[in-house]
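Peer 1: Sequence first, predicted model second:
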Amino acid sequence: MSFPTDSPREACGIVGAFLAGEDVARTTFFGLHALQHRGQESAGIATSDGRQIRVRTAMGLITQSFDEIDLSTLTGYLGIGHTRYSTTGSSNIENAQPIMSHGPDGEIALAHNGNIVNALTLRAELEAWGLHFKSSSDSEVIAHLMTNAPGATFAERIAYTMGRLQGAYSLTMMTKDAVYGVRDPLGVRPLCIGKLNGGWVIASETCALDQIGADYVRDVHPGEAVVIDADGLRTVHRRNIDQRRAPCIFEHIYMARADSVIDGHLVYNSRKAMGAELAREHPVEADLVMGVPDSGTPAAVGYAEESGIPFGEGLIKNRYVGRTFILPDQRLRDMGVRMKYNPLLENIRGKRMVVVDDSIVRGTTQAQVVAMLRRGGAKELHLRISAPPIQHPCYLGVDFPTRGELAASNRTVDEIRDFVDADSLGYLSIDGVLNAVGTTEDRNCMACFTGNQPIPVQLEMDKLALEL
Ligand code: SF4
């Protein structure tokens, strides 16, 4: 089980590597370790020595799921890996990735970050072709389409599949002798390429390249499919029908790690700039600016610098509260946020505080944080959010609750302020986010804030729609 969380759940982290003459499983493991923030439910690695694909998946964190013995059985010089939070399909081992699929020309392993909005239709079509499904994930739909699509070569099957998929998909895939990286034409989820010891690595975020010592080369372009094999890296397909782009703005606000570079922008600096914009849009007289750790901290630093109010720590986060297989009893569960944060009483007592957080989903965490800081003696609590109100669910790979559960879906800002019991509440505007990232609305997906979906979606699509 996981402790209660009111944060948006991330989608997934993916890695691919082709390192001739090297043991790729260890590199894949450490790449996934850097992407653990993108998914903590299950992890998996597939490798090949050029003759046979071996795969191992397990529930839990990458460090809990794999040991030296596991890695030593995953032999080979090419591999892919996946760390999962379920956005389609429930959390169980059948839905863990990489997913294997067999077709007339052999087998592949596939790892997916994103969400396919026409998965139900495609699955029905594939079942009519006689294919059987083991899981309830949309990723298995992609894998079966990749192996069974019409086409004389795998590159042709990729092109066919990309023509049929609607939604968000960053993929790493492998045959027994090649690794592929694929990104949907809108470029919703990130995917980057690095060079390591004469070989190539693909990963969701640049922080994974940094961790394994690879040098960032470029992103996989939206609509591009690349292959890495014994001849090196090259593009095998481009699908850019109308040149529209919709990378997820929420990667900059919350999802990506602060030390990653997304679309040319260091995430930490974008978040700090959001804090500075927030200070200009929602100034207040106060004694101390604090962030809700850890994701609110860069914006809090930016707010403090812009406002001239000192930055300080008000809460310490227990870094080890995350997934656990030990069930807390009811008394511990009721502690909720106290398991996660502990206030620094001397720092907050008698102070007028600006409390900066990255987003409000249901609002329950912020209400608990405000209550905790009030109990600790804070005199005033001014909540500042470095994103606009989230009013719509995400259909492209981030697991927000349903619309009815979102704090901002049917409440005004004043009503949310009253719900969380803050003295004042200010959200960053859409323009403020765009200024901070240095982008424009027409070059991003901002649908959870605006409702403007970059592609038609089946409204209120059920996360478990493909459940068997
Ligand atoms: Fe990202 Fe929001 Fe668009 Fe989902 S709806 S892809 S979270 S910007």
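Peer 2: Here it is on my side, so go on. Residues are numbered from 1 along each chain as shown.

Peer 1: from the chain's centre, how far out does stretch 382-402 sit?
Peer 2: Here the centre of mass of C-alpha atoms in stretch 382-402, compared against the chain's by C-alpha atoms, centre = their mean, to the nearest Å, lies 13 Å away.

Peer 1: Sort out which residues of it are buried, please.
Peer 2: For stretch 382-402, burial by neighbour count (16 or more other C-beta atoms under 10 Å) applies to 382-401. Bear in mind the C-beta positions are built from the backbone N, C-alpha and C, glycine included.

Peer 1: Check stretch 421-440 too.
Peer 2: 422-429, 432-437, 439.

Peer 1: Name the nearest of the residues you listed relative to residue 71.
Peer 2: Nearest to residue 71 among the buried residues of stretch 421-440: residue 437, at 37.7 Å, using C-beta to C-beta.

Peer 1: which residues does the closest one contact?
Peer 2: By C-beta atoms under 8 Å, 6 or more residues apart in numbering, the contact set of residue 437 is 249, 252, 265, 270, 273-274, 444.

Peer 1: Point out the least confident one among those residues.
Peer 2: Across the set of the contacts of residue 437, residue 265 stands lowest in pLDDT, at 93.

Peer 1: ok, back up a step: keep only the buried residues of stretch 382-402 that also lie close to the ligand.
Peer 2: The residues of those that also fall near the ligand, by C-beta under 6 Å from any ligand atom, are 394, 396, 398.

Peer 1: which one among the residues you listed gets closest to residue 104?
Peer 2: Of all those, residue 396 has the smallest distance to residue 104: 31.6 Å, by C-beta to C-beta.

Peer 1: phi, psi of that closest one?
Peer 2: phi -120, psi 30 (degrees, to the nearest 10).

Peer 1: for the one 3 residues further on, same thing?
Peer 2: Dihedral angles phi and psi of residue 399 (degrees, to the nearest 10) take the values phi -90, psi 80.

Peer 1: wait, doesn't it sit right on residue 11?
Peer 2: Yes - judged on C-beta atoms under 8 Å, residue 399 makes contact with residue 11 at a distance of 7.4 Å.

Peer 1: Okay, helices next: where are they in the stretch 151-300 of the chain?
Peer 2: Ranges of helices in the stretch 151-300 of the chain, per DSSP state H, counting those that start in this stretch, are 154-164, 206-212, 250, 267-281, 297-307.

Peer 1: between these, which one is nearest to the ligand?
Peer 2: Nearest to the ligand, of all the helices of the stretch 151-300 of the chain, is helix 250, at 3.7 Å by C-beta to the nearest ligand atom.

Peer 1: mind listing what's buried in stretch 111-130?
Peer 2: If you call a residue buried by 16+ other C-beta under 10 Å, then stretch 111-130 has these buried ones: 111-120, 122-123, 126.

Peer 1: quick check, nearest of those to residue 175?
Peer 2: Taking C-beta to C-beta as the measure, residue 175 lies nearest residue 111 of these, at 13.7 Å.

Peer 1: Is the closest one in a helix, a strand, or coil?
Peer 2: strand (DSSP: H, G, I helix; E, B strand; the rest coil).

Peer 1: For it, give me the pLDDT.
Peer 2: Per-residue confidence (pLDDT) for residue 111: 97.

Peer 1: residues in contact with it?
Peer 2: Counting by C-beta under 8 Å, 6+ apart, residue 111 touches 12, 14-16, 44, 46, 80-82, 97-99, 139, 171-173.

Peer 1: before we move on, the earlier item: adding mean neighbour count and distance to residue 37 as columns, could you present the helices of the stretch 151-300 of the chain in CSV?
Peer 2: Listed next are those as CSV, based on neighbours: other C-beta atoms under 10 Å; distance: least, C-beta to C-beta, whole Å:
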stretch, mean neighbour count, distance to residue 37
helix 154-164, 19, 28
helix 206-212, 23, 9
helix 250, 27, 13
helix 267-281, 23, 11
helix 297-307, 24, 14
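
Peer 1: Adding distance to the ligand, write these out as JSON lines.
Peer 2: Formatted as JSON lines, the helices of the stretch 151-300 of the chain follow (distance: least, C-beta to the nearest ligand atom, whole Å):
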{"stretch": "helix 154-164", "distance to the ligand": "19"}
{"stretch": "helix 206-212", "distance to the ligand": "19"}
{"stretch": "helix 250", "distance to the ligand": "4"}
{"stretch": "helix 267-281", "distance to the ligand": "14"}
{"stretch": "helix 297-307", "distance to the ligand": "17"}
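
Peer 1: export the ones you listed to TSV and tack on distance to residue 340?
Peer 2: Formatted as TSV, the helices of the stretch 151-300 of the chain follow (distance: least, C-beta to C-beta, whole Å):
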stretch	distance to residue 340
helix 154-164	41
helix 206-212	23
helix 250	21
helix 267-281	20
helix 297-307	15
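
Peer 1: closest one to residue 185 among those?
Peer 2: With C-beta to C-beta as the yardstick, what comes closest out of the helices of the stretch 151-300 of the chain is helix 154-164 (7.5 Å).

Peer 1: packing partners for the closest one?
Peer 2: Using 3 or more C-beta pairs under 8 Å, 6 or more residues apart in numbering; DSSP states H and E as the contact test, the elements touching helix 154-164 are helix 138-148, strand 179-183, strand 224-229, strand 232-238.

Peer 1: could you redo the last one with a cut-off of 6 Å?
Peer 2: In terms of contacts (3 or more C-beta pairs under 6 Å, 6 or more residues apart in numbering; DSSP states H and E), helix 154-164 is packed against helix 138-148, strand 232-238.

Peer 1: Lowest-confidence one in the ones next to the ligand among the buried residues of stretch 382-402?
Peer 2: Ranked by pLDDT, these bottom out at residue 398 (87).

Peer 1: give me phi/psi at it?
Peer 2: Backbone torsions for residue 398, taken as degrees, to the nearest 10, come to phi -120, psi 130.
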